[in-house]
Structures are given as C-alpha cells and as structure tokens.
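A.B. asks: Sequence plus predicted model, see below.
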Amino acid sequence: MALAVLVVIGVFAFIMFKNRKPETSSFSTAEQTSQENKVTYTNSGYSPSELKVEVGATVTFINQSDSNMWTASNPHPIHTDHPAFDSRRAVTKGETYEFTFEETGTYDYHNHLSPQHEGTIKVE
Ligand SMILES: [Cu+2]
C-alpha cells in the first residue's frame, strides 16, 4: 500500500516537472509546419535546389521558365532511382507538377529536357 502511494506521488512529481519545460521549445515546430513545399523552376534551374520536407509531404514544382519542365528522378535518362517520381511528360510554362513523398530518403532529380538543371528533395 505504501508502495502504491509512492508511485502516485512519483507520477505526480514527474508531470509537474514535465510542465516546467522552458516555453521557447514550443515555437520551433510551428515554424516548421507552416512552411510551404514549393520548388520554382526558372530559366536558371530549380529553386531552392535543395528542399527538406517531412515524410508524406506533397511538393509542388512550378514552371516559371520560358521552356518546358519534365521533373524526374536521377539518373538521366532512365530515372531508375525513384521511378514513380517522374512527371512523364513536359510541363509547360505556368503549369505545375506535384509529387507526394511517402518514404524517407534523398531524392535527386533533374529536368529531363535540360538535364543540367538539378535539385534534391530530402524527406525526413
Ligand atoms: Cu532524364
């Protein structure tokens, strides 16, 4: 019986201690979840060239260049690293391509029509 009382007191003390965490720690997560997962493609390539997202995130690739954008995983031209990550057609100026990253990992990609333009999505 005395042991049960001690356990109850212990749990209560633990909860009180937990609630005393510094308040600053609660702000960082709000910033992370509000960021938008967008990559813009212009005449000079993908921006940002490296983007970190959480697993399950959908990334939107926006073509703002004067040419077509065919986003696909490396290596060019076979795209075998992540075969599903491939728009499979040219996305014209003003159009977007979306892909949802269901697994963690590093996804290197390029524009199949201008393979010197590369980028990386890091899924954590
Ligand atoms: Cu390619």
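C.D. replies: Alright, I've got the coordinates.

A.B. asks: longest strand anywhere in the protein?
C.D. replies: Using DSSP state E, we find that the single longest strand of the chain is strand 114-123.

A.B. asks: Sheet partners, orientation included, of that one?
C.D. replies: In the sheet, strand 114-123 lines up against strand 50-53 (parallel), strand 105-111 (antiparallel) (DSSP bridges).

A.B. asks: In TSV: those strands, plus mean neighbour count.
C.D. replies: Where you see a C-beta, it was placed from the backbone N, CA and C, and this is true even at glycine. Shown next, in TSV, are the strands paired with strand 114-123 (neighbours: other CB atoms under 10 Å):
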stretch	mean neighbour count
strand 50-53	16
strand 105-111	19
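
A.B. asks: Export the ones you listed as TSV, with columns for distance to the ion and mean pLDDT.
C.D. replies: Compiled in TSV, the strands paired with strand 114-123 are given as follows (distance: least, CB to the ion, whole Å; pLDDT from 0 to 100):
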stretch	distance to the ion	mean pLDDT
strand 50-53	19	98
strand 105-111	6	98
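
A.B. asks: now the ones you listed in JSON lines, with distance to residue 87?
C.D. replies: Converted to JSON lines, the strands paired with strand 114-123 look like this (distance: least, CB to CB, whole Å):
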{"stretch": "strand 50-53", "distance to residue 87": "17"}
{"stretch": "strand 105-111", "distance to residue 87": "10"}
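
A.B. asks: Find the nearest non-adjacent residue to the residue nearest the centre of the chain, please.
C.D. replies: Taking CA atoms, centre = their mean, the centroid of the chain lies closest to residue 53, which sits 1.7 Å from it. Spatially, and ignoring its direct neighbours in sequence, residue 53 is nearest to residue 37 (5.1 Å; CB to CB, 6 or more residues apart in numbering).
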